[in-house]
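**Student:** My questions concern the predicted model and sequence given below.
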Amino acid sequence: MQKQIKSALISVFYKDNLENIVKKLGEQGVTIYSTGGTQAFIEAQGVKCVAVEDITAYPSILGGRVKTLHPKVFGGILARRENPQDLEQLKQYEIPEIDLVIVDLYPFEETVKNTAEEQAIIEKIDIGGVSLIRAAGKNYKDVVIVASKDQYADLEKVLVENNGASTLQDRRNFAAKAFEVCAHYDVAIAGYFLKDEPTTANFQVSAPLGQVCRYGENPHQQGTFYGNLEDTFSKLHGKELSYNNLVDVDAACQLINEFTETTFAVIKHTNVCGIATRPTLKEAWEAALAGDKESAFGGVLVCNAVIDAATAASVNEIFFEILIAPGFDLAALEILQTKKNRILLHQKQAVNPKAMFKNILGGVLVQDNDEGNFKEWNEVGAQEATAAQKDDLVFANIVCKHLKSNAIALVKDKQLIGKGCGQTSRIDALRHAIEKAGQFKFDLNGAVMASDAFFPFNDCVSIAHEAGITAVIQPGGSIRDNDSIDFAKQNGMAMVVTGMRHFRH
């Protein structure tokens with residue numbers, strides 16, 4: 001059923017893009033009610049406006065905390081137009097019907113981002129606005145509710161194309177979006193108050209629609225990203241990020257966040273297939289690529305230094321999906337933008353979530369992010385690791401942390417030269433790592449090995465020793481740790497126990 005908008009209550013924080021709506025309402029003879037700054041804005045457009053206090057007989061009080069919270073406002077919104085008793089009470093108490101409510105809430109999340117001052121944050125918890133939204137949404141059969149400046153265009157369409165008449169489906173759609181706005185707002189506020197609580201009574205996450213992906217992991221699956229990529233990235237070139245792209249980009253950014261020296265990495269299906277630290281970015285790129293040229297094809301590239309022309313020219317020689325960097329020289333951009341679909345992302349801030357979660361069994365699993373790399377540095381081998389071995393062991397441990405379990409990383413001179421990941425046994429992971437190193441003609445003599453979890457037997461250390469590996473880093477924790485430790489001591493190997501496991505399922 002169509003309903004003509006004859007009256008409107010407008011109370012907004014941001015007035016951007018509201019001019020056309022206000023003028024159109026004025027042209028259509030709609031009675032407009034408003035307060036404070038919004039009222040002044042409406043009148044500045046040359047449109048008449050009735051002050052809410054002229055209806056309620058109460059001014060804005062408590063420093064603006066109470067403006068619209070009054071029966072003469074909420075009665076006009078909540079009255080059921082088909083209910084004779086409701087209409088009689090409107091008449092009895094001289095309450096005007098309100099057919100349209102436009103609200104834009106106080107910017108709570110924006111305030112939290114910009115200040116740590118609690119009083120300023122608390123004052124941006126909207127009370128009247130949320131109440132107006134809920135009331136109008138509840139009475140969607142009679143009232144149009146616009147709960148965000150993001151919906152102004154939808155309202156303008158109703159005003160222009162239908163001359164201010166809305167259908168029941170229009171009003172229901174506006175109400176659905178309005179309750180989404182309220183839910184997101186409440187989750188943000190609860191998150192602020194619960195930010196120091198490790199566990200809460202309910203799992204609450206609310207993120208805005210970022211993009212509808214072409215599809216999910218596979219073409220027959222629908223995929224959607226909720227979140228704000230623009231906070232983290234500026235897309236400088238290329239097509240839209242797909243579902244799988246986004247998963248790989250997340251893995252790449254979490255990995256590169258671990259390194260401070262000039263480092264380049266290649267990611268494929270969330271696993272590191274090549275990574276190296278070098279004095280220059282071009283050297284780091286070439287060493288990372290050499291680690292597994294085969295897997296790098298179509299991969300996601302990430303680095304922690306500005307891409308220069310020399311590096312860009314070298315990177316440009318291979319096919320890749322995405323390149324992520326903290327910056328690009330103009331000359332580098334000219335080189336890299338020669339391929340149409342290639343995605344170039346300028347990373348503006350680190351990706352370092354405090355918590356990780358996944359849906360399972362109709363519920364949600366939540367855990368802290370895997371921060372840190374070792375609890376201790378306990379040298380338990382035949383001798384203490386050399387300075388060069390220590391550098392490689394730290395490097396290998398970080399890489400191993402970002403491989404799917406069971407995981408083994410083989411490193412030499414801060415370059416990943418072999419890796420095994422996602423295997424059902426640690427021995428298989430090691431054998432695969434050694435095979436990969438051999439495939440690309442790497443010499444394992446003097447290399448180091450990292451394992452994401454303990455060795456239940458000494459077989460992996462024995463195989464590593466036979467391959468030429470001279471130092472091992474692992475978390476320990478097996479009841480048979482001494483089997484591996486004794487082997488290392490007997491065969492001249494350095495071994496470090498970290499006390500920190502890094503499973504990644």
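**Tutor:** Thanks, I have it. Numbering: from 1, shown residues only.
**Student:** Could you list the low-confidence segments of the stretch 51-200 of the chain?
**Tutor:** Of all residues in the stretch 51-200 of the chain, none has pLDDT under 70.
**Student:** Where do the strands of it begin and end?
**Tutor:** Under the criterion DSSP state E, counting those that start in this stretch, the stretch 51-200 of the chain contains strands at 100-104, 144-146, 165-166.
**Student:** Asp196 is nearest to which of these?
**Tutor:** For Asp196, the closest of these is strand 100-104, at 29.9 Å, according to CB to CB. C-beta here means a position set from N, CA and C on the backbone, and glycine is covered the same way.
**Student:** neighbouring strands for that closest one, and are they parallel or not?
**Tutor:** Note on strand 100-104: by DSSP bridges, its sheet partners are strand 7-12 (parallel), strand 144-146 (parallel).
**Student:** deepest of those, which one?
**Tutor:** Greatest average neighbour count among these goes to strand 144-146 (a mean of 27), per mean count of other CB atoms under 10 Å.
**Student:** what comes into contact with it?
**Tutor:** The contact list for strand 144-146 (CB atoms under 8 Å, 6 or more residues apart in numbering) reads 5, 99-103, 133, 136-137, 152, 154-155, 158, 166, 170-171, 174-175, 178.
**Student:** Apply the buried test to those residues and list what passes.
**Tutor:** 5, 99-103, 133, 136-137, 152, 155, 158, 166, 170-171, 174-175, 178 (16 or more other CB atoms under 10 Å).
**Student:** Okay, Leu336 and Ala313: tell me how far apart.
**Tutor:** 9 Å (CB to CB, to the nearest Å).
**Student:** of the two, who's got more company?
**Tutor:** Leu336 (24 against 14; other CB atoms under 10 Å).
**Student:** Which secondary structure state does the closest residue to the more buried one other than its chain neighbours sit in?
**Tutor:** Nearest residue to Leu336 in three dimensions, chain neighbours excluded: Ala312, at 5.2 Å (CB to CB, 6 or more residues apart in numbering). Following DSSP: H, G, I helix; E, B strand; the rest coil, the label given to Ala312 is helix.
**Student:** List the contacts of Ala312.
**Tutor:** Counting by CB under 8 Å, 6+ apart, Ala312 has contacts Phe328, Asp329, Ala331, Ala332, Leu333, Ile335, Leu336.
**Student:** Surely the second one and Thr311 touch.
**Tutor:** No. Taking CB atoms under 8 Å as the contact criterion, Asp329 and Thr311 are not neighbours in contact, 9.1 Å apart.
**Student:** In terms of neighbours, single out the busier of the two.
**Tutor:** For Asp329 versus Thr311, neighbours defined as other CB under 10 Å are more numerous around Thr311 (27 against 15).
**Student:** what's the distance between that one and Thr262?
**Tutor:** Thr311 is 10 Å from Thr262, where distance means CB to CB.
**Student:** Need the overlap of contacts for those two.
**Tutor:** Leu281.
**Student:** Tell me the buried residues in stretch 45-62?
**Tutor:** Those would be Gln45, Val47, Cys49, Val50, Val52, Glu53, Ile55, Thr56, Ser60, for stretch 45-62 by 16+ other CB under 10 Å.
**Student:** Most widely separated two among those?
**Tutor:** Gln45 and Thr56 (23.8 Å).
**Student:** gap between the helix or strand that Asp486 is a member of and the chain center?
**Tutor:** Taking DSSP states H and E as the definition, Asp486 sits inside helix 481-490. With CA atoms, centre = their mean, to the nearest Å as the basis, helix 481-490 stands 43 Å off its chain's centre.
**Student:** cool, and stretch 27-41?
**Tutor:** Using CA atoms, centre = their mean, the mean C-alpha position of stretch 27-41 is found 38 Å from that of the whole chain.
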